[in-house]
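1. predicted model and sequence follow; I will ask about them next.
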Amino acid sequence: MQAKSGMMGRMTSPLLLAAELTLVAVCVLMLSISAQRRPVLLALIGFAAALELQVGGVHAATALTLLLVVMTRPAMGVWDRSRIPSAVVATSALLASTVLFGDLVNRPILGVQLMALALTAAVLVLWCDASEVPQLLKGVLTGATLGSAIAMLQNVRLVPATYFLDSTGFARVHSIYREPDFLAVFAAVGVILAFRLVHRRWLQVILIAVNSAALTYTFARAAALALVVSAVVTTGLSLLSRGGVRRRRNGGLVILLACLLFGGMAVDPSLGATMETRFTGALRGADISVQARQRQVAGLAALSDTAPWYGHGLSAGGRVTGFGAYDSGQAANNVASNWLLGWWVDGRWVALPLILTLIAIALATSRTIGGQLLVFALVNSLFSNVLFFPVTWIALAAAVLAAGGDNLVRGELEPIHAVRLDLEGLRDPPDRGLGQPRTLGHRRPRPVRGILRRLLRRGDHDRLHLIDADRGRPLGPGLVQ
């Protein structure tokens, strides 16, 4: 098991307080000077979720989402997007209701937190459209990269830090988060978003390098495994789909990251030794933290056998300690490390609709950016539970919005310049006269139709007149003059 240093909290609290005060100041400043409050609020929601900021015990992302409802209007087609959010809220309400009649409820307020997170995701789906998802996720990327940058500055002693002692005796920094495992979660989220959301190569390299370095120095096995599984699921389903995967030239990026990793091992020899100790210990089962996980799983399974059909009540799974013992008093934890077993203890058959809903959404939308983030969160929560983090529910909202925006052909939201490059890359057939469609001699549909459809779905009527439908290409050098 991991033991926290005695200095924990005393050094971290000023960083958290400074981050919270900074967020409040930025919100007030940006909303007062910006004429476009909607994109600012969406970016701030993602930023607050990535830093796990709370104001008065309430997640800042939830409070900012409420502010979005008050200060802006919903996007068009609200009722068309209401089915999935309604299912998420309804199934969450079923599980949350178990705090009212469960016999082993440890913290009843957890039901309110679950409903607040579900409503946050529902409001984002109803209030936004697919074109606003990148703005929301860029806020998440910014916050995650900031947390990773602070962690790396702590590693080189440029920022004061407290340390988290793991089972191997290695002291790990945790940035502004409660544990290194949570830092690893957001660093991995930063890697996914930088790889799929950022199109400027130099910026992409910097963001991936910072977040990858933070993920490496946390030595978090759960986040690393979840990152690999999410990439495999996304790639596999893309290959099985009609659209296939989007080919990107990332060989140089992979080589650069490999050089950074081996360079770090050369500078810090303990890096490679610690990685080998932690990962080989997990494979052999000799690591004490792995043994503790196994005992906790056995304890949760034993507790679920005593539960009625409606479970012991939400937060009852937190009564099983890290070594599998049962805590009959006021337990320190409220959620189990394994979300599936924990919710089975909490709600049993009542929890099953929400479990199936989350898994179905993750698999159906895994080719989108939000879907991959949701797959990552669910896999990571099998070992380190992050389902009560706002970023998980923001990923769910982004996945539903992207899937509803008819952007599953490429597996991600396509910016305008990507569509333009696809258009310009299709060579004209020989002897094509003016007014003849570009499909002459080609098997694929005319790209201009896809551009027009996306512009219409985004409600961007100002750019429609720039398209020459007969020729199938913009009037000027680019889509936007």
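-> Received, thanks.

2. phi and psi next, for residue 347.
-> phi -130, psi -10 (degrees, to the nearest 10).

3. pull the contacting residues for it.
-> By Cβ atoms under 8 Å, 6 or more residues apart in numbering, the residues touching residue 347 are 94, 95, 98, 310, 311, 313, 314, 354. C-beta coordinates here come from the backbone N, C-alpha and C atoms, glycine included.

4. also residue 223?
-> 181, 184, 185, 187, 188, 215, 380, 384.

5. cool, residue 389 as well?
-> Applying Cβ under 8 Å, 6+ apart to residue 389 gives the contacts 49, 52, 182, 185, 377.

6. pass me the low-pLDDT residue ranges in the stretch 101-250 of the chain, would you?
-> 165-170, 241-250 (pLDDT under 70).

7. all strands for it, in order.
-> Counting by DSSP state E, counting those that start in this stretch, the stretch 101-250 of the chain has strands at residues 164-165, 171-172.

8. same list (those strands) but as CSV, adding distance to residue 299.
-> Output for these, formatted as CSV (distance: least, Cβ to Cβ, whole Å):
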stretch, distance to residue 299
strand 164-165, 24
strand 171-172, 26
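
9. and the helices in the stretch 51-200 of the chain?
-> Assigned helices in the stretch 51-200 of the chain, in chain order: 60-71, 83-96, 109-127, 133-155, 180-197 (criterion: DSSP state H, counting those that start in this stretch).

10. quick one, the longest one and helix 60-71 angle?
-> Counting by axes from the mean of the first three to the mean of the last three Cα atoms, to 10 degrees, helix 133-155 points 150 degrees away from the direction of helix 60-71.

11. doesn't residue 360 belong to a strand?
-> No: going by DSSP: H, G, I helix; E, B strand; the rest coil, the assignment for residue 360 is helix, not a strand.

12. for burial, what's the neighbour tally of residue 205?
-> 17 (other Cβ atoms under 10 Å).

13. if we can go back for a sec, farthest-apart pair in the contacts of residue 347, please.
-> 313 and 354 (14.8 Å; Cβ to Cβ).

14. higher neighbour count, those two?
-> Legend: neighbour count by other Cβ under 10 Å for residue 313 and residue 354, higher for residue 313 (27 against 23).

15. and residue 325, how many neighbours?
-> Residues near residue 325, counting by other Cβ under 10 Å, number 12.

16. same question, residue 382
-> 18.

17. spatially nearest residue to it, not counting backbone neighbours?
-> Using Cβ to Cβ, 6 or more residues apart in numbering and skipping residues adjacent in sequence, the residue nearest residue 382 is residue 338, 5.5 Å away.

18. next, the one you found: phi, psi?
-> phi -100, psi 110.

19. just residue 108 next, same as before
-> phi -60, psi -30.

20. please name the residues that touch the residue lying closest to residue 237 once chain neighbours are set aside.
-> Excluding its sequence neighbours, the residue lying closest to residue 237 (Cβ to Cβ, 6+ apart) is residue 366, at 5.3 Å. Neighbouring residues of residue 366 by Cβ under 8 Å, 6+ apart: 230, 233, 234, 237, 372, 374, 375.

21. can you do 10 Å?
-> For residue 366, the contacting residues are 230, 233-238, 372-376, 399, 403, 411, by Cβ atoms under 10 Å, 6 or more residues apart in numbering.

22. mind checking the SS state of it?
-> Under three-state DSSP, residue 366 comes out as coil.

23. mind putting the contacts of residue 223 in TSV, distance to residue 77 and neighbour count included?
-> Output for these, formatted as TSV (distance: Cβ to Cβ, whole Å; neighbours: other Cβ atoms under 10 Å):
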residue	distance to residue 77	neighbour count
181	39	25
184	38	31
185	33	32
187	35	30
188	33	30
215	38	24
380	33	28
384	37	20
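
24. wait, doesn't residue 76 sit right on residue 129?
-> Yes: Residue 76 lies in contact with residue 129 (Cβ atoms under 10 Å); the separation is 7.3 Å.

25. so for these two, which residue has more residues nearby?
-> Applying other Cβ under 10 Å to residue 76 and residue 129 shows that residue 129 carries more neighbours, namely 19 against 10.

26. could you identify which of the helices of the stretch 51-200 of the chain is most buried?
-> Compared across these, helix 180-197 shows the largest average neighbour count, a mean of 26 (mean count of other Cβ atoms under 10 Å).

27. picking that back up, export the strands of the stretch 101-250 of the chain to TSV and tack on distance to residue 43 and mean neighbour count?
-> Shown next, in TSV, are the strands of the stretch 101-250 of the chain (distance: least, Cβ to Cβ, whole Å; neighbours: other Cβ atoms under 10 Å):
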stretch	distance to residue 43	mean neighbour count
strand 164-165	30	18
strand 171-172	30	18
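
28. still on that earlier bit, just the buried residues of the contacts of residue 366.
-> Buried by 16 or more other Cβ atoms under 10 Å: 230, 233-234, 237-238, 372-376, 399, 403, 411, out of those.

29. of these, which is the nearest to residue 163?
-> Looking across the buried ones among the contacts of residue 366 and measuring by Cβ to Cβ, the closest to residue 163 is residue 376, at 26.3 Å.

30. mind giving me the packing neighbours of the strand or helix carrying that closest one?
-> Assigned by DSSP states H and E, residue 376 belongs to helix 369-380. Judged by 3 or more Cβ pairs under 10 Å, 6 or more residues apart in numbering; DSSP states H and E, helix 369-380 is in contact with helix 133-155, helix 180-197, helix 221-240, helix 339-346, helix 352-364, helix 390-404.
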